[in-house]
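Enquirer: Predicted coordinates and the sequence they were generated for:
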Amino acid sequence: MFIGDFPCIKDSVYIDDGFSGTNFNRPDFMRMIADVESGKVGIVITKDLSRLGRDYLLTGQYIEMVFPDYDVRYIAINDGVDTFKSENELMAFKNIFNDWFARDTSKKIRAVFKAKGQSGKPLTTNPPYGYMKDENDKNHWVIDDEAAAVVRRIFKLCIDGYGPSRIARMLSEDNILIPSAYAESKGHTSSHSFKKPTRWCNKTVEGILEKPEYIGHTVNFRTHVKSYKNKKRINNNRSEWEIFENTHEPIISQHDYDLVQELRRHKHRPQKSDKVNPFSGMVYCADCGKKMYLCRSRSLSEDQEHLKCSTYANDKDECSAHFIRTAVLRQIILSEINRIIEKIGIDEEGFSNEALESSRLRQDDELKKAKKLASQYSKRTSELDRLFIRLYEDNVSGKISDERFDMLSRKYETEQQEIRKNLSELSAFIESKEQKIADVTQFLSIVRKYTNITELTPEIMHEFIEKIVVHAPDKSSGHRKQQVDIYYRFSVGVSSVSFESRDFYKKGKTAQSA
């Protein structure tokens, strides 16, 4: 509480209930300082020093520099401080103790939150959009049907091939309330301000599409603050998150969520045409390995639309002219997917055994190399630890100088950091490869949903196919021959299709699969 002696208004009171003393941007405190600077205040009185603030540096600055500059007298009643008197020698120590109290309180609160977060209880004040707190258990979320319907629609639109910007525009056109406006309409407070309650932005849509909470998981420790004085929240690396699975009812199925994450990994620039391109971000050049992008315009008919190598388009000396028409590629992919569906329909068990064996053989060499390299990295880490100890002993005994010690220790530390990074990447790679070997059953469950596919959609593309690799055309025989490699998801195999362009113009596709 602050009391100011005004020339025109007697005994004004400034109250900042609910604000931390470490924060000097408190509304009434800022109002008081504005009145001090305008010459309206003669005396500032607080119950004690902690009521002015709990940051010893800023509290001291206001008492010893700001107030004297404006001829303002400061009194802290319980601490016996009066700037018009000279008996204030202990004031600095009292300010430090107040600061320490705030620090200690912050530590205790953090410890409580850490224990709560590690137990699997959600740390967020408000549940994510699509959920609400259970009336019987505030730590449990239940589905909010109205908002959940919007979440499901967002995921469905993404699976259909629409990007976040397009989805945001569609939601805005339908006058659907954004999450913060929706929370306010339900009587809740929101940390986000908004001017237009139905104006969605792509960042909001992206955030919804990436949340594991929608498949029933609780995610804690997404962010942290630097200190109890700096309240700005900083995002943690995903590796630092604590994820607790199946803590509440999911809004989105695991299959749809995984499919959306796969689509998001192949993000592409938005197309002016409303027609969704199923190949966006999935077609690669066989020579340079870069993505091939869609060439589409009003002057080109649908049959003339094509994909070309992005490297060659920018610099013709860096790669060769890879080019394939989307109509041709669509026929090839449809034919190959239907061939797989038919093959599984005839002999599912035989396909499963063949795919598992193929997956093991193909990835066996990669896994052996990765595990061997991981073992080498682990041995080198142990060697570096021993070198550090020996280096330190040599420095203490005087065998090497401090300069030499600093140079070598920095070198070893840099190498060790690089090894840790590589080990982490190798572990993820090994885990991914071993998991893919056992994922054939998931591929089979997807195939069972279809009998004969006549239209190629982004959803079908990403359910069946991981990537498509287009080779440069071969004209040595006098005809334009080209090869396309189709990599199926879950490591069930690769189809290599060779075709001649004239076959598509004359009598339809006559390609050979390997």
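Expert: Everything's here; your move. Remember, predicted model here, so these are calculated numbers, not experimental data.

Enquirer: Residues touching stretch 217-228, excluding its own?
Expert: Stretch 217-228 has contacts (C-beta atoms under 8 Å, 6 or more residues apart in numbering) with 22, 102-103, 106, 117-118, 120-123, 211-213, 231-236, 240-248. All C-beta atoms are positioned from the backbone trio N, CA, C, and that covers glycine.

Enquirer: Turn the buried ones among these into a named PyMOL selection, would you?
Expert: Listed next is the PyMOL selection for buried residues among those, using 16 or more other C-beta atoms under 10 Å:
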select buried, resi 22+102+106+117+121+122+123+211+212+213+242+244+247+248
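
Enquirer: Might you specify the subset of the contacts of stretch 217-228 located within strands?
Expert: Of the contacts of stretch 217-228, the ones assigned to strands by DSSP state E are 233, 234, 235, 242, 243, 244.

Enquirer: between the residues you listed, which is closest to residue 413?
Expert: residue 234 (24.6 Å; C-beta to C-beta).

Enquirer: show me the contacts for the closest one.
Expert: 223, 224, 225, 226.

Enquirer: now, among the ones in strands among the contacts of stretch 217-228, which is nearest to residue 261?
Expert: residue 243 (14.1 Å).

Enquirer: Identify the bridge partners of that closest one.
Expert: Following DSSP bridges, residue 243 is listed with bridge partners residue 219.

Enquirer: Could you double-check that it sits in contact with residue 215?
Expert: No. Contact criterion C-beta atoms under 8 Å: residue 243 and residue 215 do not qualify, at 10.5 Å.

Enquirer: Buried residues of the helix or strand where residue 264 lies, list them for me.
Expert: Element membership for residue 264 (DSSP states H and E) is helix 254-265. Using 16+ other C-beta under 10 Å as the test for burial, helix 254-265 gives 256, 257, 258, 259, 260, 262, 263.

Enquirer: So for the third one, what's the pLDDT?
Expert: Reading off the per-residue confidence, residue 258 sits at a pLDDT of 84.

Enquirer: residues touching it, list them.
Expert: Contacts of residue 258 (C-beta under 8 Å, 6+ apart): none.

Enquirer: how far does the following helix or strand past the helix holding residue 264 sit from the chain's center?
Expert: Next helix or strand after helix 254-265 toward the C-terminus (DSSP H and E): strand 283-285. On the basis of C-alpha atoms, centre = their mean, to the nearest Å, strand 283-285 sits 26 Å off its chain's mean C-alpha point.

Enquirer: And stretch 324-339, by the same measure?
Expert: Relative to its parent chain, stretch 324-339 has a centroid offset of 33 Å by C-alpha atoms, centre = their mean.

Enquirer: pLDDT and distance to residue 470 added to the ones in strands among the contacts of stretch 217-228, as TSV?
Expert: As requested, these are exported to TSV (pLDDT from 0 to 100; distance: C-beta to C-beta, whole Å):
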residue	pLDDT	distance to residue 470
233	81	44
234	84	42
235	83	37
242	87	42
243	88	38
244	90	43
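
Enquirer: okay if I get the residues you listed as JSON lines plus distance to residue 456?
Expert: Conversion of the ones in strands among the contacts of stretch 217-228 to JSON lines gives the following (distance: C-beta to C-beta, whole Å):
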{"residue": "233", "distance to residue 456": "43"}
{"residue": "234", "distance to residue 456": "43"}
{"residue": "235", "distance to residue 456": "37"}
{"residue": "242", "distance to residue 456": "40"}
{"residue": "243", "distance to residue 456": "34"}
{"residue": "244", "distance to residue 456": "38"}
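
Enquirer: any idea which of those residues is closest to residue 330?
Expert: Nearest to residue 330 among these is residue 243, at 38.4 Å by C-beta to C-beta.

Enquirer: Enumerate every residue touching the closest one.
Expert: 212, 217, 218, 219, 220.

Enquirer: out of those, which one sits closest to residue 451?
Expert: Distance to residue 451, by C-beta to C-beta, is smallest for residue 212 among the contacts of residue 243, at 32.9 Å.

Enquirer: Check the burial of residue 422 by counting its neighbours.
Expert: Neighbour count for residue 422, taken as other C-beta atoms under 10 Å: 13.

Enquirer: contacting residues around it?
Expert: Contacts of residue 422 by C-beta under 8 Å, 6+ apart are residue 377.

Enquirer: a helix runs through it, doesn't it?
Expert: Yes. Using DSSP: H, G, I helix; E, B strand; the rest coil, the assignment for residue 422 is a helix.

Enquirer: Can you tell me how far it is from residue 194?
Expert: In this structure, residue 422 and residue 194 are 45 Å apart, going by C-beta to C-beta, to the nearest Å.

Enquirer: Give me the number of neighbouring residues for residue 341.
Expert: The burial count for residue 341: 18, using other C-beta under 10 Å.

Enquirer: same question but for residue 446, I mixed them up
Expert: Residue 446 has 15 neighbours, counted by other C-beta under 10 Å.
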